[in-house]
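Undergrad: Fold the following, please.
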Amino acid sequence: MILDQEGLGLARAVVLAASAVGRTLATAESLTGGLLGATVTSVPGASLIYRGGLITYATDVKHTLGGVPAEVIEQDGAVAATTARALAEGAAKRCGADVGLALTGVAGPATQEGQPPGTVWLGWSVTGGESGAQRLHLVGGRPEIRAAAVREALELALALVQGDVPQQDGAPE
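TA: Alright, predicted model coming up:
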């Protein structure tokens, strides 16, 4: 599954904007299973800005590969602001990128950790130590939720590579 034209257009904009300012990007994905990275790398020239991605689908892999501290997973779970933020930081660090993005959440059809389908946390990290997370409430079936999460991540990536740091929305729940 590659994203629709809107998503591909956003990916092109991210690649062009990051190339123009010399910033690099890395991703960590759970519910999207690599769809964000696949969408970015479908754009010619992505190799100039995309350092790599981590697919941390299983909760324990969020710790072992993604760098999320074990105590964060134990305390807050896999679907949490703290987890998304740590995943974004882990992706940026492990891949040597200026900007790290992470998606963790519930695509459905069942709930996870008491969270309904469509509950997604989008984490971000930029060089200099700023990081955060935004909660998304997405609707639709599994494919729609995954595609919407990727589009949201691409919109955030575009803002971040252009130097716009979003407001914080990430108090642990």
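Undergrad: which strands and helices sit next to the helix ranked longest in the chain?
TA: Longest helix in the chain, counting residues (DSSP state H): helix 142-161. Of the remaining helices and strands, those touching helix 142-161 by 3 or more C-beta pairs under 8 Å, 6 or more residues apart in numbering; DSSP states H and E are helix 5-21, strand 25-29, helix 35-41, strand 99-105, strand 119-126, strand 130-137. For the C-beta atoms, the positions are set from N, CA and C on the backbone; glycine is no exception.
Undergrad: ok, now which ones touch L154?
TA: By C-beta atoms under 8 Å, 6 or more residues apart in numbering, the residues touching L154 are G7, L10, A11, A13, V14, L36, T39, V40.
Undergrad: Wait, the fifth one touches S42, no?
TA: So that's V14. No: counting by C-beta atoms under 8 Å, V14 stays clear of S42, with 11.6 Å between them.
Undergrad: Sketch out the low-pLDDT regions of the protein for me.
TA: Counting by pLDDT under 70, the chain contains low-confidence ranges at 1-2, 167-173.
Undergrad: what residue lies at the spatial centre of it?
TA: The centroid of the chain falls nearest to A102 when counting by C-alpha atoms, centre = their mean (2.4 Å).
Undergrad: That one and G123 touch, don't they?
TA: Yes: using C-beta under 8 Å, A102 is in contact with G123, at 3.8 Å.
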